[in-house]
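> take a look and give me a structure for this.
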Amino acid sequence: MATKGNINSLFNKLRENINCNVKIELPKPIIEEPNSNNIGKQIAYYRKIKGLTQTQLARLLNVSKSCINTYENRELRLVNTEFLKRVFEVLEINNKIKLPRYEEFIFNNQSQKLKKVLKENNLNYKQFSKAINVDYSNVKKWLNGQAIMSKTSYNKIKNIYKI
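Have a look, this model is predicted:
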């Protein structure tokens, strides 16, 4: 069975025998673009386009390979937006990534959007927390940008307030 190394070796021997300086390279593998908004699949796609392994990307981001593997292969319940922003910068994909609605909401200033919901519905923090059945202290943290809401809470708000 021919391997890439065997084929390259054969081409090199042919080139030596023919006495020419033509360098023959095998085509790079085709990397299929993900057809979903799954962030992990998109990160894996753009990482491969850059020619990086998970280990190399992990080193660039100063994290473990398992961290990269987790982001690429599992659906996360909570998203670390600061980490993802660093990934997007390293891979140079800030304007290329397609975010699912929850992640887009989190990335694009959740606290401002929540304040808008409260204002449009004439609600204070406590009324809002009661309406979505979430502890008042959590709502306060979301609105002050001190915490990221869970996907479950986002879905409650989305369904009630049509954000």
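
> most centrally placed residue in this protein?
Computing the C-alpha centroid of the chain and ranking residues by C-alpha atoms, centre = their mean puts I39 first, at 3.8 Å.

> quick check: it touching R74?
No - using C-beta atoms under 8 Å, I39 is not in contact with R74, being 10.8 Å away. Where C-beta positions appear, they are placed from N, C-alpha and C, glycine not excepted.

> circling back: and the residue nearest to the centre of the chain, what's its pLDDT?
I39 carries a pLDDT score of 82 in this model.

> that one: what's it in contact with?
For I39, the contacting residues are Y71, V79, L84, I97, L99, P100, E103, by C-beta atoms under 8 Å, 6 or more residues apart in numbering.

> which of those residues fall within helices?
When DSSP state H defines the helices, the subset of the contacts of I39 inside them is Y71, L84, E103.

> what is the least confident helix or strand in this protein?
None of the helices or strands of the chain scores lower by mean pLDDT, DSSP states H and E than helix 4-18, at a mean of 66.

> which positions in stretch 140-148 come out as buried?
Within stretch 140-148, the residues that qualify as buried are W142, L143, A147, I148, counting by 16 or more other C-beta atoms under 10 Å.
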